[in-house]
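Novice: Pasting the sequence and the predicted model now:
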2 protein chains.
Amino acid sequence: MNKQSSAIINERQALYEARTKIIKAMAHPTRLFIVEELEKKEKCVNELTEMIGADMSTVSKHLSVLKNAGLIGDRKAGTNIYYYLKTPCILGFLGCVEEVMEFNAAQQTNILRCCKQRDKQPPPM
Amino acid sequence: MNKQSSAIINERQALYEARTKIIKAMAHPTRLFIVEELEKKEKCVNELTEMIGADMSTVSKHLSVLKNAGLIGDRKAGTNIYYYLKTPCILGFLGCVEEVMEFNAAQQTNILRCCKQRDKQPPPM
DNA sequence: TGGCTATTTGGCTATATTGCCAAACATGAA
DNA sequence: TTCATGTTTGGCAATATAGCCAAATAGCCA
């Protein structure tokens, strides 16, 4: 976004950016996996790294993105660092995502069935 | 994500990627703005462009990202193309984001108050 | 048809993200 | 202290995003 001057969006720009930071933190397959795993139980980097199968430094960086967004927290236990989910509402968040996916899938099916009754309004596409 | 071979995440990889596509579509200030505006009322590219103040081609591309993710739909009306929100649950989605923001803010406040009772230990929430 | 308006596409540059490796830190144990 | 384990950081190359301009399309209306 750049040249907007007196655009309506400006008034709320800061708010949208703050929200974006949180959403971006979730916008990665590995991080979604982590969130879902941590929801079950706190885990240390090691455990997550094994489950994910990437370099530990990569996992560590993903964790720091999530932590930075305020979605997860950590606690030390000896040489381990356990991460835990701070915001359970995330699951509701994912609920909507799932809904969208189902909706999209249903539409795909309809198209395949030639019941071209698309979404709302007109466009029989 | 790359070298994971027998990692647990693999079984669910496709699912996480599908979810990610939807979340990524929301992960941009301008697109969040668009979603919120369309929730109120369908709008054509022109209207949105004015509110946003960016190049129309930029706005058009943002719209195509959202459409591609299945979040919005469009309908033609003469030479205009009106976009509308297909998935109202998105607002609930944003509700969680807001919750996280408030939680983070509250913590910031606590830190400022020197009540350094940080996160640590399991989720007090 | 030609001219208008609304919108999308292609091209290109600038910037951001991802992921690996190697190196640095931290902590507990010998 | 040294070693071993667990984790984070720095650096770098590969890829993906974002946004602008210019050109291409699409749908009206004379």
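Specialist: Good, I have the coordinates. Numbering: from 1, shown residues only, chains lettered A, B, ... in the order given.

Novice: how's chain A carved up into domains?
Specialist: A:9-88, A:89-125 (automatic domain parsing).

Novice: Compare these and give me the one nearest residue B:55.
Specialist: Nearest of the domains of chain A to residue B:55, taken as Cβ to Cβ: domain A:9-88 at 13.8 Å. Just so you know, the C-beta spots here come from the backbone N, C-alpha and C atoms, and that holds for glycine as well.

Novice: Output the helix or strand encompassing residue A:66 as PDB, restricted to C-alpha atoms.
Specialist: With elements taken from DSSP states H and E, the one containing residue A:66 is helix A:56-68. Provided in PDB are the C-alpha atoms of helix A:56-68 (Å, rounded to 0.1, in the frame of the first residue of the first chain):
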ATOM      1  CA  MET A  56      15.700 -27.200  14.300                       C
ATOM      2  CA  SER A  57      16.700 -23.700  13.500                       C
ATOM      3  CA  THR A  58      13.800 -23.400  11.100                       C
ATOM      4  CA  VAL A  59      11.400 -24.600  13.700                       C
ATOM      5  CA  SER A  60      12.900 -22.300  16.200                       C
ATOM      6  CA  LYS A  61      12.300 -19.400  13.900                       C
ATOM      7  CA  HIS A  62       8.700 -20.400  13.300                       C
ATOM      8  CA  LEU A  63       8.200 -20.500  17.100                       C
ATOM      9  CA  SER A  64       9.600 -17.100  17.400                       C
ATOM     10  CA  VAL A  65       7.200 -15.800  14.800                       C
ATOM     11  CA  LEU A  66       4.300 -17.200  16.800                       C
ATOM     12  CA  LYS A  67       5.600 -16.000  20.100                       C
ATOM     13  CA  ASN A  68       6.200 -12.500  18.600                       C
END
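
Novice: hmm, back to that, please identify the most buried of the domains of chain A.
Specialist: Of all those, domain A:9-88 carries the top mean neighbour count, a mean of 18, counting by mean count of other Cβ atoms under 10 Å in any protein chain shown.

Novice: what's the span of that one from first residue to last?
Specialist: End-to-end span of domain A:9-88 (Cα to Cα, to the nearest Å): 30 Å.

Novice: so how far is that domain off the chain centroid?
Specialist: In this view, domain A:9-88 has its centroid 10 Å away from the chain centroid, taken as Cα atoms, centre = their mean, to the nearest Å.

Novice: Among the domains of chain A, show the one with the smallest mean pLDDT.
Specialist: Mean pLDDT across those is lowest at domain A:89-125; the value there is a mean of 68.

Novice: Alright, I will stop here.
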